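A.B. asks: predicted model and sequence follow; I will ask about them next.
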Amino acid sequence: MRLLGLLLVAALAAPACSPAQVDVHTRVAVTITPRPDRMPFDPRSARLASATEQLRAAAGHHVALDVDAAMVPELRSSFEEALGRSFEAMTRDLTRLRKDPEAFAYAAARLERVSLRYDATLRGDVVTFDVAHRTVEVRGPARRDDLVSEGTLVQPMLLAYADDLRARYEGKRASDVPAAERGPYVRVLLGDLPGRRRGRDVPAESPSALANAPEASRILTALELSRMPGTDAATLHRLDAWLLDQKDWFADQYQRHAALVRQLPAQCTFHAAETAYATWLLARFRAPGTTDEQRLAIARRIFVPSYGDEREQQGGRTYAPFAWPGIDRFAFGMSVIDEWRRDGHPTQLTPRRSTQTEEFIVCPRAAAPGGRGGNLAPRCEHDFYRFADETEGGTKKLAAALLERNDPVLTATVFAALRPRGSETDARLALLRAVEGGAAAVWRAGARDLGERVDNSSDRAVLEEAQRLWLQAPAYRGTVLLLLGHVDRYGHGNVPWRDFGEAFGSRTTRAELDAYLDEGSLAMMLLPIVWPSLDRGYSRAAAILPRLDAFLGDPEYNRSNTNNGTHRALREIISELCAERNVADLAALHEYLVNRVASHPGESYGDIAEEATSRRCNPAPPPPPPRNEVRLVPGKKRLRIIQSGAEPADRFL
Amino acid sequence: MRLRALVGTVALLAFAACGGADHVHVTNDVAVTITPATDELPFDPRGARLRAATAQLTRIAGHPVAFEIDAAVASALRPDFERDLIDAVEQTARALSEWKAARGARSVAAFREVACRYVVTVEDDAPLVTFDSKTGVLRVELSAHPRALVPAGLVSRALAHEEDVYREVRYGDVLPEQVAPGERRAYFEALTHRSGLTERERATRERLRSLPPAEALGQSPEASVVLKVVRLDELSRGSDPALAALTRAWLFGGGGGVFRRAYDDRNVDVDAVPAGSAFRRAEAAYGAWLTRELPVATPAEQRKVIGSVFDARSPGAYPGLDRFALGLRVVDAWSKAGKPMSGMGARDDQRELFDEVVCPSVRDRRGKRVRNSGCTSSARGWLAYVADDERRLLQLARALDERDDPEVAATLLDELRGRPGRDAPDALDPFTTVLHALDPHKRSWRAAIEVLVENRRAGLREESAAIWKAHPDQRGTAVYVLARADVGYAGTNNEGSVWRGFAKSYGSPIDAPLLASMLDWGRPAFVEVPQVWPALAHGFSRADVLLPRLDALLPDATSDDAPEVLRALSAIVTRLCNDRSEADLAKLHAWTARRTASRPAERPVLMVLGRDTAPGGCGSRLKKKDD
């Protein structure tokens, strides 16, 4: 038996009267089942009237509320309050549902009644939407804060809509769906169903499972849909966003399921999706609207690394050789590099800063004032260079790319960014050898970078490469000499300077000294190191003096500390000239320095000018004894040095 | 005096509170009795909620359930009491509904009445609830101001306790053989599903607590349960597959817990447990059961027990079960499966089992073995069990020799290296023990040597000397091991202490056959040749030993991995120059000439070597530094 307690306007002055049913003057009703003796609320309450009207407005039609009498609060005022709050909550739920217009249009039209039923065994509400009966049923305990609490309607209505979508579209082919229905179809396809969390992909556990992975099929369908004319913009946007995320799915397969990917047959859904998706991904990377963040994310996924034993199982390669078969990863990296070149080699310190994608692929060095390379590329992970290193013929490809571009800045950047699996020196030597004979500027930029990295190196491989270059490529000798200067930067004997002619085939000629000094201020700084290699018979000053202005004006070396930089270099050059008893060159240097002080008042080269005279030269120190002929002899209380060299012993007294 | 008031349908209740009758005639299924009777009913028996709740309770129980409430615990305020009463009905309905679904209808069918009694000794927040299935009464003992007439959760607890008592009475002293086949399932449930302790069990525990630990363990009730379940498993196999699956799952699951706890309990000397005790009989039965079942167990089942089986520190744990063989069987299964790595992707029990026992790893480019995650075999798994005892280590060595599979040997020994046994004497070095026991003519031994030189620096000199002494035909390996010991590279001050004194220390210098034998270790040995140089004997051509191997060691001088060999070759040229070995230099020069002629791409790489090995070329070698 039921009693309909009518809200609003009229007619309910005597709600507790005996008739089983009362005339209803409005479409919105509160039903109490079974009928109580007295109406436990005032249906004319202004709040209820307003709330029900707003609910009607929100739903687009009237919605009835059917309350189990067991759930009605004892106090009339409590029930009225509960009723009011329930209508407000339902109205808010419907308003919230409007955020998903498709779900709202479906579910709100089918909601005619909310039924509350008491279940003594339940601790919380169980809510279902019976679409056939157009009723949301709430089963739950009697003691409750709200009859219908906020949020009660949203989930079941969304789920009902989701069920309807699945019933309509699941298993359908994209081509069978009219253009106007692609929006909801795509929601089913992408698993973007309202009211449900997107289910986590179940990882494939066998090659056949991965070969026919549902995700791959969905990707193929999504790509097909994105190409179909007539799809609305919102659906295309949804497809695009979803497709953009699918790079992670492929990367996950390469990274975590490499063993399965390696076993896939050539013809399978996975590979079909992979190829089609790679094409789409590249196009998306280059699309005008793609943000730098999106491009960086794509680039990272294209160079997805493997780790640990997965890496070893693919021959120690960091980047799975089978990944992204539709993408030439080397060409992709070079395309970013070319963009970077077109942008003017930006770095983090240039006015137009490098993009995150450029940082990731190119690893541009931010050159500090003075030209020395720093490394301010936080997103640089050297992936492109590691990939090139481990690719068959990668060094040759990289060399060819550098020669083709003939860009010294790029070359220096590439040499600096190399991070091979093996020795970095060996990788740089190999790349340097590969660019040899091509554009001289490319080779020179590479050799200079190599030099910076082999300071004070006793690595025989570098020395022998320098020997070979000296013999085979005379045109490079200036740069080779700079390289050797680096190798023995601190004068530890890493280069056989005194036997230079024997070890290298010839000593440094005037032209080679000129070429060497043309390498810049650093060459002048290292000149005292390479000095023993200089051949006799030509003026050192003639080569040095024309370049001294540039050297002394170089802020990188012209320091206030007179024990370092230009001061130190000049003193050591003077010392070498003294050792040679090169009076003429000393005089020329003296004159230059006197003029320099006159023309640059305030510079502190006056003292050095005074040192640059033959009168101030100290007698040449005796050469040290050959090291391999000095022996330490234990067995006595004191160690005694026995000199058994060819020189007479009294020379050292 | 009692007043019984109807709850439910409309009629007949208007007079419920009237008069001094002991109780009111009940026309509804559910009755509420207030004891003693009050002048006025403190609730509305026609209240819709109370009627609905009692109707649902009746439906769940299958019959009416009465509520008898001591007036002393009834709230004086009518609305409060009504709420408490409805709450009590709801709690009872929920509890019976859940119990019926989970544990069956027996207790629910017996449930007739809820009796709420005031007991002065009961605290407000500690009511006592008991259920007597014979009378069907749930007795709730409450304080004068209870928070609820039927507190949440206590009905289920009372039903569970009653169930335990019921099962104990029915099955407590019954042996599996005495149980009718149709009742075995219930018997198994009675053995393995307990919600708490019965009075009898509590008394048993008290008694055991007074005994010495080993004697108490011998009488362990849990061990008796294992014994019964093992027997039940045997009885049900073939006749009751469903029950057999349950007993098997229990024995592979929590069933072995009593043994695991006993073996790990440092306060109990398991060896002192009397023979013939319940524990001993259960232990023997369980060990035999594992011995029989593990070979046919699924990987998931094996995983459930291997952790505790291998981690048990008691030497006599799991009598009858060959724990070494158990682990070795997993190793063989791994080998047969193609030695899969754990990988990062989908994992299954089989792979997890391999991971836990074998710890698969692969060699990287530098020869180090790597894997993606840690593993526990050598810490508390099979390898730890093996490492604890010299006899087992020797058993492992024999097993490796029998298999003669270098990958298996390298994988296991790499995991074993550097790990002392958990409870083994300090002197026992598991890796060295196995290495010394391996047959030096098998591939397993060579794999062990590779693990040794790749991962250990300390002890290599001693190992080299041991090999030199014990295996005269493996002295090349001894030299190789010594070279990898990093005992002082040529040109450094301590070079003389090892290599110059080699002949005196080892009894003879390194002659041509010995050098050749060392070079059998391939590229890693070749790069050590310059270091070994001072120890080479006079009077043999180094080039004659080196050159035949050089093409194999340096297949492509322009490849990424060539520089390591080229550096060694350059250092050898320097050595030859210093020795003024013109004949050997000439042979090396011929080799470079042949290589550059046949492979023009190698010319840049080999050019300086060719120049320096040519007559008079030594002049260009660095004079002031040795290589």
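C.D. replies: Here it is on my side, so go on. This one's a predicted model, so the numbers in the text were calculated from it and none came from an experiment. Numbering: from 1, shown residues only, chains lettered A, B, ... in the order given.

A.B. asks: got a list of what whatever residue of the stretch 101-250 of chain B ends up closest to chain A touches?
C.D. replies: Nearest residue of the stretch 101-250 of chain B to chain A (C-beta to the nearest C-beta) works out as residue B:152 at 9.1 Å. Quick note: C-beta positions are derived from backbone N, CA and C, even for glycine. Shown here is residue B:152, whose contacts under the criterion C-beta atoms under 8 Å, 6 or more residues apart in numbering or on different chains are residue B:91.

A.B. asks: and it, backbone torsions?
C.D. replies: Main-chain torsions, residue B:152, degrees, to the nearest 10: phi -60, psi 140.

A.B. asks: could you find the closest non-adjacent residue to residue B:354?
C.D. replies: Nearest residue to residue B:354 in three dimensions, chain neighbours excluded: residue B:334, at 4.5 Å (C-beta to C-beta, 6 or more residues apart in numbering or on different chains).

A.B. asks: verify the stated contact: the one you found with residue B:360.
C.D. replies: Yes: counting by C-beta atoms under 8 Å, residue B:334 does reach residue B:360; the two are 6.8 Å apart.

A.B. asks: can you list the weak-confidence ranges in the chain?
C.D. replies: Picked chain A for this. Scanning chain A for pLDDT under 70 picks out the ranges A:1-29, A:31, A:34-45, A:74-76, A:197-201, A:367-376, A:560, A:562, A:619-621, A:623-653.

A.B. asks: actually, chain B is the one I wanted.
C.D. replies: Applying pLDDT under 70 to chain B flags residues B:1-46, B:76-78, B:342-347, B:365-366, B:418, B:420-427, B:456-457, B:486-496, B:622-627.

A.B. asks: so how far is residue B:127 from the residue of the stretch 101-250 of chain B closest to chain A?
C.D. replies: From residue B:152 across to residue B:127, the span is 11 Å (C-beta to C-beta, to the nearest Å).

A.B. asks: and residue A:616, by the same measure?
C.D. replies: For residue A:616, the distance to residue B:127 - C-beta to C-beta - is 108 Å.

A.B. asks: the two: which has the busier surroundings?
C.D. replies: The residue with more neighbours, out of residue A:616 and residue B:127, is residue B:127; 22 against 12, by other C-beta atoms under 10 Å in any protein chain shown.

A.B. asks: what about the nearest residue to residue A:125 once chain neighbours are set aside, how many neighbours?
C.D. replies: Leaving aside its sequence neighbours, residue A:125 sits nearest to residue A:140 (C-beta to C-beta, 6+ apart; 3.7 Å). Other residues near residue A:140 come to 22 when the count uses other C-beta under 10 Å.

A.B. asks: please apply the same query to residue B:320.
C.D. replies: 14.

A.B. asks: which SS class is it?
C.D. replies: At residue B:320 the chain is in coil, as set by DSSP: H, G, I helix; E, B strand; the rest coil.

A.B. asks: likewise residue A:115?
C.D. replies: With three-state DSSP as the criterion, residue A:115 reads strand.

A.B. asks: that one: what's it in contact with?
C.D. replies: Contacts of residue A:115 by C-beta under 8 Å, 6+ apart are A:66, A:135-138.

A.B. asks: list just the nearest of these to chain B.
C.D. replies: If you rank the contacts of residue A:115 by distance to chain B using C-beta to the nearest C-beta, residue A:66 comes first, at 14.0 Å.

A.B. asks: so which elements touch the helix or strand harbouring that closest one?
C.D. replies: For residue A:66, the host element (DSSP states H and E) is strand A:64-68. In terms of contacts (3 or more C-beta pairs under 8 Å, 6 or more residues apart in numbering or on different chains; DSSP states H and E), strand A:64-68 is packed against strand A:29-33, helix A:76-97, strand A:113-118.

A.B. asks: which bits of the stretch 401-550 of chain A sit near chain B?
C.D. replies: Contact residues, the stretch 401-550 of chain A versus chain B (C-beta under 8 Å from any C-beta of the partner chain): A:420-423, A:426-427, A:429-430, A:433, A:436, A:458-461, A:463-464, A:467-468, A:471-472, A:493-494, A:496, A:499, A:502-505.

A.B. asks: can you say which of these are buried?
C.D. replies: When those are checked for burial by 16 or more other C-beta atoms under 10 Å in any protein chain shown, the buried set is A:420-423, A:426-427, A:429-430, A:433, A:436, A:458-461, A:463-464, A:467-468, A:471, A:493-494, A:496, A:499, A:502-504.
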